[in-house]
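Asks: Got a sequence here, can you build the structure:
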Amino acid sequence: MRRLKKAFKALLADRLEAAEKRKYIVSYPKSGATWLNFMLCRMLILQHGLDDNYSVKLFKLSAKLNLPFRLEWTHDNSHVYDESGNVCCEPEDQFLSWNRDGFRHSEVLFIIRDPRDIIVSLYHHRKNRGKIRIGDQSLSDFIRDPLWGFERIINFYEIWWHNRSVPSRFKVISYEDLLVDPVRVVRDVLAFLELEIDEPHMMDAIEKGRAENMRKLELNKSVEGMRVFDETNQNSWKVRRAKAGGYMDEMSEDDIAYCHARMKKLPWQLNYE
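Replies: Below you'll find the predicted structure:
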């Protein structure tokens, strides 16, 4: 009986330790987190022999698999509304404090993307997706919006670079590198997250995660967590262009100059200019 109690206590201690150990994927909206989550979910589904479905619900899948840590992703107060119109946080929350002690003892994988591409993608998202939309606001006005615009992205990057030593481990990957060399970047991600995935499963997930394949899955309503709002309007699609530097096709020279001026505040490690 004593041995049984001892074994039970040891098991409980292990479970508590696992529950406390967290790994986060942190990003500003429209930085590629859904894409990365899709591939990671696909790999875990294949690796563990689960039903062959498509999902971006990484936190649910990691809990189901009883991994030795909690694997979550977050936009950390930069994502105010979800596509159903639910309020995730107050818009001003991001600007109230630079403190990120809530991530202490955790591990953070931080995804960055050119802020100019983010703001254009986010503009189309806010204009064409979800129940809460921006109406007739122009791209130029959206970029300059004091609450929702370009300054919000710069603030988010500044906060996280300032707090990069708070987590026990911190790694930066870029959307652009994921576009150019997905195999190398995914291998780096798996190593950081300490996930063991067989090579064929990794390659399958990367192939399924190509933009043209994900668009087909999205339009066929095959992916849990990727809602279809208008099949005829590509600007409403979750997988819209999947391109680096696309902002140059849509921003005016004044818009680009405005963004450049604000990007000068970023550390060189995050400064796409």
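
Asks: pLDDT score for Arg187?
Replies: On pLDDT, Arg187 comes in at 98.

Asks: how much space between the residue lying closest to Glu107 once chain neighbours are set aside and Tyr24?
Replies: Once flanking residues are discounted, Glu107 sits nearest to Arg169: 4.1 Å by CB to CB, 6 or more residues apart in numbering. The C-beta positions use only the backbone N, C-alpha and C, and glycine is treated the same way. Separation of Arg169 from Tyr24 (CB to CB, to the nearest Å) stands at 10 Å.

Asks: The two - which one has more neighbours?
Replies: Neighbour count, other CB atoms under 10 Å: between Arg169 and Tyr24, Tyr24 has more, with 18 against 11.

Asks: Once you drop chain neighbours, what's closest to Ile111?
Replies: Sequence neighbours aside, Ser27 is the residue nearest to Ile111 in space, at 3.9 Å (criterion: CB to CB, 6+ apart).

Asks: could you say which helix or strand contains the nearest residue to Arg262 once chain neighbours are set aside?
Replies: Closest residue to Arg262 apart from its sequence neighbours, by CB to CB, 6+ apart: Ile154 at 5.2 Å. Ile154 belongs to helix 150-162 when assigned by DSSP states H and E.

Asks: what's near enough to touch the spatially most central residue of the chain?
Replies: Nearest to the geometric centre of the chain sits Ala33, at 2.5 Å (CA atoms, centre = their mean). Residues near Ala33 by CB atoms under 8 Å, 6 or more residues apart in numbering: Ile25, Ser27, Trp73, His75, Ile111.

Asks: where does the stretch 151-273 of the chain dip in pLDDT?
Replies: Counting by pLDDT under 70, the stretch 151-273 of the chain has low-confidence residues at 218-219, 222, 225-242.

Asks: quick one on the thing from earlier: now, which of the contacts of Ala33 lie within strands?
Replies: Judged by DSSP state E, strands contain the following of the contacts of Ala33: Ile25, Ser27, Trp73, Ile111.

Asks: Quick one: buried ones out of those?
Replies: Among those, the ones that count as buried by 16 or more other CB atoms under 10 Å are Ile25, Ser27, Trp73, Ile111.

Asks: Could you pull out the helices in the stretch 51-200 of the chain for me?
Replies: Along the stretch 51-200 of the chain, the segments classed as helices by DSSP state H, counting those that start in this stretch run 58-64, 93-96, 115-128, 139-144, 150-162, 175-180, 182-193, 199-208.

Asks: Return the most buried member of the ones you listed.
Replies: For the helices of the stretch 51-200 of the chain, average neighbour numbers computed from mean count of other CB atoms under 10 Å are highest in helix 115-128, which has a mean of 23.

Asks: for the helix or strand harbouring Trp35, what is the average pLDDT?
Replies: Trp35 belongs to helix 33-47 when assigned by DSSP H and E. Throughout helix 33-47, pLDDT has a mean value of 90.

Asks: Can you check what angle separates that helix from helix 182-193?
Replies: 80 degrees (axes from the mean of the first three to the mean of the last three CA atoms, to 10 degrees).

Asks: Helix 33-47: how far from the chain's middle?
Replies: Here helix 33-47 is found 12 Å from its chain centre; the criterion is CA atoms, centre = their mean, to the nearest Å.

Asks: what's the angle from it to helix 199-208?
Replies: Using the same axes, to 10 degrees: helix 33-47 against helix 199-208 is 140 degrees.
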